[in-house]
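Novice: got a sequence here, can you build the structure:
(one chain, ligands or ions: 1)
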Amino acid sequence: MAEEAMRQIQWFPGHMAKTRRMIAANLSLVDAVVEILDARIPQSSRNPEMDRMVGTKPRLLLLNKADMADSAMTARWIAAYRAQSSLAIAVDCRSGKGIRQFAPTVQEQLLKALLEKRRAQGMVGAPIRLMVVGIPNVGKSSFINRMAQSKFAKVEDRPGVTRNKQWVKIGSDLELLDMPGVLWPKFEDQSAAQRLAFTGAIHDDIMDLEALASLLLQYLVTTYPAALEQRYHLGDLSALQDGYAILEVLGKKRGMLVSGGAVNTERAAIMLLDEFRSGKLGRITLERPEQEA
Ligand code: G4P
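Specialist: Down below sits the predicted model:
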């Protein structure tokens, strides 16, 4: 029943095609690509076509919303990317934590060779141009706003001056090209769809929330049992069959009953998802690097 709920998810291929065209058309204008991921779901929040779209352009992965992810797991993800020669840093664009690493990572690692070449050629004033990509809601606007407030080398008097609709100029040394969200044409990978739904990246109105909450509980009870216990004090759950049975226990514990005494599992599901998404269950990562899984 839980798995069925996710089959209803539909995306809109039109958006995807438009974004793909825009990325292709603008790639030659930038020095590198900043791909923003959700640190709670670094794999599922990646567009599977991005590698092909970006090609050989240098790329920096930003694991955003790191404040909501399990910090030990985030460190493992960054190490796993490094092992594949991909540069990644963890940031929290809401508070600005980690943003300070961005400029040195770009200047001293990502584009080191290019900047040295430019210096050797006497091209000192040329700004670094970066394309910012990521699925909707991952934090692209938050990142751009943060950068507009940050000190990327020298900041002008009026930071964040928009050159046109998509280019955002940060001081005199950096220009960001904002790309609209890239969506999957359809979800081939159901587990990715589920994880995106857990975080709220997919609109709830197209899903069965009880099924979704049951799947989340199944994950939490095996991977983060202490977080679940600390928040809800459900006691020993080992005799229960599945996530739906845990959802019933949770609803009962919170006094969510309908007339006749049955548990209002829909209310319980909405509460669980809300609390998970607002961080009340603590810092949780929903997937681990593949080689460790
Ligand atoms: P987008 O442009 O990629 O679509 O994403 P956007 O920046 O609009 O961010 C989507 C939501 O994620 C926003 O919350 C934003 O505040 C939140 N967010 C972005 N970065 C971080 C982060 O590093 N940590 C946390 N915890 N949240 C982050 P919202 O609820 O839609 O809006 P609001 O609460 O900011 O008003």
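
Novice: helix/strand/coil for the residue in the chain sticking out farthest from the centre?
Specialist: Centroid-distance maximum for the chain: Gly260 at 41.8 Å, with CA atoms, centre = their mean. Assigned with DSSP: H, G, I helix; E, B strand; the rest coil, Gly260 falls in the coil class.

Novice: what residues does it make contact with?
Specialist: Applying CB atoms under 8 Å, 6 or more residues apart in numbering to Gly260 gives no contacts. For glycine as for every other residue, the C-beta is placed from the backbone atoms N, C-alpha and C.

Novice: one more: Ala39?
Specialist: Going by CB under 8 Å, 6+ apart, the list of residues near Ala39 reads 63-66, 68-69, 74, 77, 90, 285.

Novice: how about 7 Å then?
Specialist: Listed by CB atoms under 7 Å, 6 or more residues apart in numbering, the contact partners of Ala39 are 63-66, 69, 74, 90.

Novice: so of these, which ones are in helices?
Specialist: Thr74 (DSSP state H).

Novice: tell me where the stretch 101-250 of the chain has strands.
Specialist: 128-133, 161-162, 167-170, 174-178 (DSSP state E, counting those that start in this stretch).

Novice: please identify the most buried of the ones you listed.
Specialist: strand 128-133 (a mean of 22; mean count of other CB atoms under 10 Å).

Novice: tell me the strands beside that strand, with direction?
Specialist: Neighbouring strands of strand 128-133 in its sheet, by DSSP bridges, are strand 32-38 (parallel), strand 174-178 (parallel).

Novice: so which of these comes closest to the ligand?
Specialist: Closest approach to the ligand among the strands paired with strand 128-133 (CB to the nearest ligand atom): strand 32-38, 6.7 Å.

Novice: which residues touch that closest one?
Specialist: With CB under 7 Å, 6+ apart as the criterion, strand 32-38 contacts 45-46, 50, 54, 57-65, 110-111, 130-134, 138-140, 143, 199.

Novice: could you do stretch 76-90 as well?
Specialist: 39, 42, 60-63, 66, 74, 98, 101-102, 105, 109-110, 288-289, 291-292.

Novice: what do you get for stretch 55-65?
Specialist: Taking CB under 7 Å, 6+ apart as the rule, stretch 55-65 contacts 27, 32-40, 42, 74, 77-78, 81, 86-93, 105-106, 110-111, 138-139, 143.

Novice: next: stretch 243-254.
Specialist: Residues outside stretch 243-254 that contact it (CB under 7 Å, 6+ apart) are 2, 210, 213-215, 217-218, 221, 232, 234, 237, 240, 263-265, 267-269, 271-272.

Novice: the same query, at a cut-off of 8 Å, please.
Specialist: In contact with stretch 243-254 (CB under 8 Å, 6+ apart) are residues 1-2, 210, 213-218, 221, 232-234, 237, 240, 257, 263-265, 267-269, 271-272.

Novice: just the residues you listed that are near the ligand?
Specialist: By CB under 6 Å from any ligand atom, no member of the contacts of stretch 243-254 lies near the ligand.

Novice: mind checking which of these are buried?
Specialist: 2, 210, 213-218, 221, 232, 234, 237, 240, 263-265, 267-269, 271-272 (16 or more other CB atoms under 10 Å).

Novice: just the residues you listed: which are in helices?
Specialist: 2, 210, 213-218, 221, 232, 265, 267-269, 271-272.

Novice: ok, back up a step: which among the contacts of stretch 76-90 end up buried?
Specialist: Buried among the contacts of stretch 76-90 (16+ other CB under 10 Å): 39, 42, 60-63, 66, 74, 98, 102, 105, 110, 288-289.

Novice: out of the residues you listed, which are inside strands?
Specialist: Residues of the buried ones among the contacts of stretch 76-90 located in strands (DSSP state E): 60-63.

Novice: dump these into a markdown table; add pLDDT and distance to Ala245 as well.
Specialist: Below are those laid out as a markdown table (pLDDT from 0 to 100; distance: CB to CB, whole Å):
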| residue | pLDDT | distance to Ala245 |
| --- | --- | --- |
| Leu60 | 98 | 44 |
| Leu61 | 98 | 38 |
| Leu62 | 98 | 39 |
| Leu63 | 98 | 34 |
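
Novice: same list, those, but as a markdown table with distance to Ile170 please.
Specialist: Shown next, in a markdown table, are these (distance: CB to CB, whole Å):
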| residue | distance to Ile170 |
| --- | --- |
| Leu60 | 15 |
| Leu61 | 19 |
| Leu62 | 15 |
| Leu63 | 21 |
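
Novice: of these, which is the nearest to Phe276?
Specialist: Leu63 (18.7 Å; CB to CB).
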